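1. turn this into a model:
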Amino acid sequence: MLYDNREKISPGAKFSESDLIGIPTRMIVSPRSLKAGVVEIKNRKTREVREAGIESLLTDIEWH
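-> Okay, the predicted model is just below:
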């Protein structure tokens, strides 16, 4: 697991770096998604993007 909390780097740069180092699953938590009670999950291999409820998050993630 990698948590990127650098404040002076744009989200796009963070996403590019996670792709370059091969992070298989990216979970995006933003103020907007938290307000909706969800997080965005992207599978790097299939490029599938979906939202998961915060309560069911641990069961929604594919663990490899």
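2. how about R26, what does it touch?
-> F15, S18, I41, K42, R44 (C-beta atoms under 8 Å, 6 or more residues apart in numbering). The C-beta positions use only the backbone N, C-alpha and C, and glycine is treated the same way.
3. so which of the residues you listed are in strands?
-> Per DSSP state E, strands hold the following members of the contacts of R26: I41, K42.
4. among the contacts of R26, which ones are buried?
-> Burial by neighbour count, judged by 16 or more other C-beta atoms under 10 Å, picks out S18, I41, K42 from the contacts of R26.
5. can I get these in JSON lines including distance to I28 and pLDDT?
-> JSON lines is the format used below for the buried ones among the contacts of R26 (distance: C-beta to C-beta, whole Å; pLDDT from 0 to 100):
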{"residue": "S18", "distance to I28": "10", "pLDDT": "88"}
{"residue": "I41", "distance to I28": "8", "pLDDT": "88"}
{"residue": "K42", "distance to I28": "7", "pLDDT": "89"}
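6. for E55, state which of those is nearest.
-> Among the buried ones among the contacts of R26, I41 lies closest to E55 (C-beta to C-beta), at 14.3 Å.
7. roughly how far apart are the closest one and E7?
-> When distance is defined by C-beta to C-beta, to the nearest Å, I41 is 23 Å away from E7.
8. partners of T25 in the sheet?
-> N43 (DSSP bridges).
9. quick one, which residue of this protein lies the farthest from its center?
-> Taking C-alpha atoms, centre = their mean, the residue of the chain most remote from its mean C-alpha position is K8, at 18.6 Å.
10. check what pLDDT it gets.
-> On pLDDT, K8 comes in at 89.
11. surely it forms part of a strand?
-> No: per DSSP: H, G, I helix; E, B strand; the rest coil, K8 lies outside any strand segment and is coil.
12. check whether the residue sitting nearest the centre point of the chain sits in a helix, strand or coil.
-> Centroid-nearest residue in the chain: M27, 1.4 Å away (criterion: C-alpha atoms, centre = their mean). Under three-state DSSP, M27 falls in the strand class.
13. do I have it right that it meets E40?
-> Yes: between M27 and E40 there is a contact at 7.2 Å, judged by C-beta atoms under 8 Å.
14. residue boundaries of the helices in this structure?
-> 11-20, 31-36, 57-60 (DSSP state H).
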